[in-house]
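In: Quick one: sequence and predicted model below, then my questions.
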Amino acid sequence: MGVWITLGVIVALVVWAIAIYNGLVQLRNRFKNAFAQIDVQLKRRYDLIPNLVEAAKGYLTHERETLEKVIAARGAALQASQKAAAAPGDPAAMQGLAQAEGVLGGAMGRLLAVFEAYPDLKANQNILQVQEELTSTENKIAFSRQAYNDSVMEYNTKRESFPDTVFAGMFGFTAAMLLEATESAEERKAPKVSFK
């Protein structure tokens with residue numbers, strides 16, 4: 001009789017450990033899938049940026065430096081995105097992507113500010129279409145980033161909760177990092193508007 005009770009306890013513990021392990025796997029796969037959705041939208045944005053720059057080149061002959069900074073920032077963000085896609089949730093990869101995206105956002109902001117100085121450019125249908133597609137893509141990125149961060153938070157909470165934390169450590173479930181927006185102090189400042 002005691003053997004059956006012991007065997008029943010062992011089986012229950014094994015089933016319980018398997019359930020914890022499978023739950024962690026499910027949550028890890030969920031945040032990896034959520035990052036894949038971000039990656040799709042980032043690639044779309046990276047593909048649109050050269051179209052915007054190319055359409056603006058004829059108008060912005062005096063703004064070559066701005067255009068070159070946008071292209072360089074796009075290249076760095078694309079590389080960071082590829083590293084992050086290879087290891088979603090990895091702290092170094094997520095931090096690198098967030099920083100590269102911050103630089104790209106700043107460069108794009110400067111480019112769009114330059115557009116304001118060129119009325120012909122603002123009225124160009126190709127530019128307007130690409131800007132509209134970029135805006136739509138930015139919204140999709142924001143929604144995808146929120147879904148990813150929610151998935152990471154759920155995964156991290158489970159892997160840090162007792163008794164899951166014991167099994168997470170045993171089976172190599174490491175913490176995943178949120179994808180946060182990084183902005184410089186200058187970018188966080190509200191723009192100054194003057195009606196002189």
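Out: Okay, I see it.
In: Would you state the helices of the chain in chain order?
Out: If DSSP state H is used as the criterion, the helices of the chain fall at 2-57, 64-86, 91-115, 119-123, 125-160, 164-170, 185-188.
In: what's the angle between the first one and helix 91-115?
Out: Spelled out, it's helix 2-57. On the basis of axes from the mean of the first three to the mean of the last three Cα atoms, to 10 degrees, helix 2-57 is oriented at 20 degrees to helix 91-115.
In: so for helix 2-57, what's the average pLDDT?
Out: Averaging pLDDT along helix 2-57 gives 89.
In: who does that helix touch, helix- and strand-wise?
Out: Counting contacts by 3 or more Cβ pairs under 8 Å, 6 or more residues apart in numbering; DSSP states H and E, helix 2-57 packs against helix 64-86, helix 91-115, helix 125-160, helix 164-170. For every residue, glycine as well, the C-beta is placed using N, CA and C.
In: Now those in JSON lines, please, with extra columns for distance to Y21, mean pLDDT and mean neighbour count.
Out: Output for the helices and strands packed on helix 2-57, formatted as JSON lines (distance: least, Cβ to Cβ, whole Å; pLDDT from 0 to 100; neighbours: other Cβ atoms under 10 Å):
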{"stretch": "helix 64-86", "distance to Y21": "24", "mean pLDDT": "91", "mean neighbour count": "17"}
{"stretch": "helix 91-115", "distance to Y21": "23", "mean pLDDT": "89", "mean neighbour count": "18"}
{"stretch": "helix 125-160", "distance to Y21": "11", "mean pLDDT": "89", "mean neighbour count": "16"}
{"stretch": "helix 164-170", "distance to Y21": "6", "mean pLDDT": "87", "mean neighbour count": "15"}
